[in-house]
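[1] What follows is a predicted structure for the sequence shown.
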Amino acid sequence: MAEGLMKKLYGQKAYVQSAGVKNDMEVDGFSIAVCRELGIELSRHRSRSFEEMQLWGDDLSQFDLIVALSPASQRMALELTRFHHLDIEYWPILDPTGLGEGREAKLSAYRQARDQIRAKMLDRFGPPIEEEQ
């Protein structure tokens, strides 16, 4: 969700690459649904791990900032970048996986996480390049 939101709000202004501690291969269907509500297409997005990024040539030292959305990803980012000069921020975002009984309750949890990420981005990076429609 974070990569899609960042690209939607700030376009080509920044190079964005999402990564996680592990690679789950497919993006969660609830993430796809709640992002689609904002005109963000995630269905073709593929999640990747930090290790995969490095294997594919993304040198973590070339990034200016890593935003970790979970304590585990923060620990991994700190470990992988301990010899590099870049900022790592931890944003405590609700993990919606496993929350809610039934489709609407689950969608509500995912919307809450999506909206938390969006609010943090606006606070950190300022107004979007182009307002959402």
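    That came through fine.
[2] if you skip the residues just before and after it, what's nearest to residue 116?
    residue 93 (5.0 Å; Cβ to Cβ, 6 or more residues apart in numbering). C-beta here means a position set from N, CA and C on the backbone, and glycine is covered the same way.
[3] ditto for residue 7
    residue 16 (5.9 Å).
[4] what about residue 104, distance to residue 31?
    Per Cβ to Cβ, to the nearest Å, residue 104 is found 16 Å from residue 31.
[5] So which of the two has more stuff around it?
    More crowded of residue 104 and residue 31, by other Cβ atoms under 10 Å: residue 31, with 21 against 9.
[6] Following the chain onward from the lowest-mean-pLDDT helix or strand in the chain, which element is next?
    Within the chain, no helix or strand scores below helix 50-55, which has a mean of 76 by mean pLDDT, DSSP states H and E. For helix 50-55, the following helix or strand on the C-terminal side (DSSP states H and E) is strand 65-68.
[7] Give me the secondary structure label for the residue nearest to residue 116.
    coil (DSSP: H, G, I helix; E, B strand; the rest coil).
[8] what about it, distance to residue 124?
    In terms of Cβ to Cβ, residue 93 sits 13 Å off from residue 124.
[9] higher neighbour count, those two?
    Taking other Cβ under 10 Å, residue 93 and residue 124 do not tie; residue 93 has more neighbours (20 against 11).
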